[in-house]
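*Asks:* predicted model follows, preceded by the sequence.
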Amino acid sequence: MTAPALYRPPAPRPRSPLPSLIRTIFRSERDLLSILPIAAYRELITTLGASRRTILLVNAPDEVARVLSDPDRLFPKNDLMVGALLPLVGNSIFTSNGPTWHQQRAMIDPAFSHMRINRAFGSMAAAVDDYETTLDQLAHSGESFSLDGAMSHLTSDIITRTIFSQSLASGPARAVFDAFTVWQRSVANVEIRRLLFDPPFKQIAQPPHVVAACQRIRGHIGTLIDERLAPGASPLDDIAGAAINARDAATGARFSREELVDEIGLFFLAGQETTASALTWAFFLLSQHRETVERMRAEIATVVGEGPVEFEHVKRLTFVRNVFRETMRLYPPITFIPRVAAEQTTIGGRRVRRGTMVMVSPWTLHRHLTLWDKPDRFDPDRFSPDRERSITPGTYLPFGGGPRICVGAAFATIESTLILARVVRRFDLDVLDAAAVEPISRLTTRPMREIQCRVKTRR
């Protein structure tokens, strides 16, 4: 029997810098993973290639923490990342910096309480109920389906119930999901040509079709908000309601309608896209590693028995959760966290000029040869209590770090553990062309081509 640690999931083989760069330039996909040289996985601080802007990749855990916490406000959001997301989420807490960010974060904080699990678990479970019905139908018909699309639909249903207290089956909510699907396939957070040839701080514009998709998404979200702002509308205790009722502590001002679209668009993006990415990879890994599936089923049987999977059960499904954690290590949803040096500084004793792109990459940090044991192998047991103590602090950042760390981390972990447990308990997923699966960095870490699979009811 093959041990879990021996399986190497799909990932680009690092090359020397020049072949990596040439390969990427002549590929149609905008894929930063293929441009990463072997030094990115060996050096704690290294310069990536040669371009009009210096790109400094930071893997040293202490310096990563400094860049992401940014106590001296030296490393604001990079122009390329902001340019990718600005048409969708405007000047929300994801794209803003400095005092504006602090003001927005203070106002939006009450909405985060709706991502607490004791409030959201019912919505999660209801969405999974509907999804199991879909899987039963697919198992009966034998029809193939897109794993990526299925996970996007499921996580969208959960976050829509959490934000707007309605399922994805409603017309406006479904319209938001459909427009997001178009946008996700088109947008890239870092364009290779811009990375090589554009100067620092250049204003970045997205292609017209991406902007059009953003406008459709914002229009549909605006429709949902208008329903809540209409005279006589019944107040609901959800994320949208908390954002509508938010006040600035100093002035008492509310978010404008446009600002509500910004912030709620960000909630939808963060709650759907990143978790869908992680779950897509988790189910792919499980389709290739049946021994892990059997271990998960044994744990589920011991902890849950034959009844429904409740919140208290999910907290005790340690191995199932560790499968999710290891998936997030191998395929972190946010592949790159680009920052820009606002002024001259030093990192790890190196002089860093103003305008330098300072790149923190969970992808390289999680696969670093000097920081992890067998980093390119699938090994959920590395997060077991006896082995987790040996993990170097600051080397595992699936949800980012610093004050901008994802506030939905606990939500996503419980959500994903629940989904994995319920699907694995009842179904087997078979990937149709596993050898063709290859990761690519778009906005998140996604398969280059959709993963097609079939499902069977477990016997």
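*Replies:* Looks like it came in fine.
*Asks:* give me every residue that touches Asp148.
*Replies:* Shown in contact with Asp148 (C-beta atoms under 8 Å, 6 or more residues apart in numbering): 276, 280, 446-447, 450-451. For glycine as for every other residue, the C-beta is placed from the backbone atoms N, C-alpha and C.
*Asks:* separation between it and Arg339?
*Replies:* The span separating Asp148 from Arg339 equals 29 Å under the rule C-beta to C-beta, to the nearest Å.
*Asks:* same question for Leu286.
*Replies:* When C-beta to C-beta is the yardstick, Leu286 and Arg339 sit 34 Å from each other.
*Asks:* and the end-to-end length of stretch 423-432?
*Replies:* 18 Å (C-alpha to C-alpha, to the nearest Å).
*Asks:* Pro308: which of the contacts of Asp148 is nearest?
*Replies:* For those, the minimum distance to Pro308 (C-beta to C-beta) is 23.7 Å, reached by Ala276.
*Asks:* in which helix or strand would I find the closest one?
*Replies:* Taking DSSP states H and E as the criterion, the element that holds Ala276 is helix 257-288.
*Asks:* so, low pLDDT: which residues of the chain?
*Replies:* Under the criterion of pLDDT under 70, the regions of the chain flagged as low confidence span 1-5, 15-31, 49-52, 79-80, 114-115, 187-205.
*Asks:* show me where it has its strands.
*Replies:* Shown for the chain, the strands assigned by DSSP state E span residues 45-47, 55-58, 145-146, 337-340, 345-347, 350-352, 357-360, 427-431, 439-441, 445-447, 452-457.
*Asks:* could these go into a markdown table alongside mean neighbour count and distance to Asp237?
*Replies:* Rendered in a markdown table, the data for these read as follows (neighbours: other C-beta atoms under 10 Å; distance: least, C-beta to C-beta, whole Å):
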| stretch | mean neighbour count | distance to Asp237 |
| --- | --- | --- |
| strand 45-47 | 16 | 47 |
| strand 55-58 | 22 | 42 |
| strand 145-146 | 17 | 34 |
| strand 337-340 | 23 | 33 |
| strand 345-347 | 16 | 45 |
| strand 350-352 | 14 | 47 |
| strand 357-360 | 24 | 37 |
| strand 427-431 | 17 | 34 |
| strand 439-441 | 22 | 37 |
| strand 445-447 | 23 | 34 |
| strand 452-457 | 18 | 35 |
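*Asks:* same list (these) but as JSON lines, adding distance to Thr413.
*Replies:* Converted to JSON lines, those look like this (distance: least, C-beta to C-beta, whole Å):
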{"stretch": "strand 45-47", "distance to Thr413": "30"}
{"stretch": "strand 55-58", "distance to Thr413": "26"}
{"stretch": "strand 145-146", "distance to Thr413": "24"}
{"stretch": "strand 337-340", "distance to Thr413": "19"}
{"stretch": "strand 345-347", "distance to Thr413": "31"}
{"stretch": "strand 350-352", "distance to Thr413": "34"}
{"stretch": "strand 357-360", "distance to Thr413": "21"}
{"stretch": "strand 427-431", "distance to Thr413": "21"}
{"stretch": "strand 439-441", "distance to Thr413": "21"}
{"stretch": "strand 445-447", "distance to Thr413": "17"}
{"stretch": "strand 452-457", "distance to Thr413": "24"}
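*Asks:* buried ones in the helix holding Ala276?
*Replies:* Buried residues in helix 257-288, counted by 16 or more other C-beta atoms under 10 Å: 259-287.
*Asks:* what sits against Ala213?
*Replies:* By C-beta under 8 Å, 6+ apart, the contact set of Ala213 is 179, 182-183, 186.
*Asks:* kindly report the same for Ala60.
*Replies:* Counted by C-beta under 8 Å, 6+ apart, Ala60 has contacts 44-45, 348.
*Asks:* could I get the CA-only coordinates of stretch 301-308 as PDB?
*Replies:* The C-alpha trace of stretch 301-308 is given here as PDB (Å, rounded to 0.1, in the frame of the first residue of the first chain):
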ATOM      1  CA  ALA A 301     -18.000   6.500  11.300                       C
ATOM      2  CA  THR A 302     -16.400   6.700  14.700                       C
ATOM      3  CA  VAL A 303     -17.200  10.400  15.500                       C
ATOM      4  CA  VAL A 304     -20.600  10.700  13.700                       C
ATOM      5  CA  GLY A 305     -22.000   7.200  13.400                       C
ATOM      6  CA  GLU A 306     -25.100   6.900  11.200                       C
ATOM      7  CA  GLY A 307     -26.800  10.200  12.000                       C
ATOM      8  CA  PRO A 308     -26.400  13.800  10.600                       C
END
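*Asks:* what about the helix holding Ala276, distance to the chain center?
*Replies:* 6 Å (C-alpha atoms, centre = their mean, to the nearest Å).
*Asks:* spit out the contact partners of Arg446.
*Replies:* The neighbours of Arg446, taking C-beta under 8 Å, 6+ apart as the test, are 148, 184, 277, 280, 439-440.
*Asks:* partner residues bridging it?
*Replies:* Under DSSP bridges, the beta-bridge partners of Arg446 are Ile440.
*Asks:* please report the distance of Glu259 from Thr100.
*Replies:* When C-beta to C-beta is applied, the distance between Glu259 and Thr100 equals 11 Å.
*Asks:* re the thing from before, and which of the contacts of Ala213 is nearest Ala243?
*Replies:* Proximity of the contacts of Ala213 to Ala243 (C-beta to C-beta) peaks at Ala179, which lies at 20.0 Å.
*Asks:* who's in contact with that closest one?
*Replies:* With contacts taken as C-beta under 8 Å, 6+ apart, Ala179 has the following neighbours: 213, 216-217, 220.
*Asks:* could the residues you listed go into a markdown table alongside distance to Leu420?
*Replies:* Listed next are those as a markdown table, based on distance: C-beta to C-beta, whole Å:
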| residue | distance to Leu420 |
| --- | --- |
| Ala213 | 30 |
| Arg216 | 32 |
| Ile217 | 28 |
| His220 | 30 |
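*Asks:* and the residues you listed, which is closest to Gly171?
*Replies:* When the contacts of Ala179 are ranked by distance to Gly171 (C-beta to C-beta), His220 comes first, at 9.3 Å.
*Asks:* run a quick neighbour tally on Asp237.
*Replies:* One way to gauge burial is a neighbour count; for Asp237, by other C-beta atoms under 10 Å, it gives 11.
*Asks:* my bad, should have said Gly90
*Replies:* Gly90 is flanked by 19 other residues according to other C-beta under 10 Å.
*Asks:* so what's it up against?
*Replies:* Shown in contact with Gly90 (C-beta under 8 Å, 6+ apart): 258-259, 261-262, 265.
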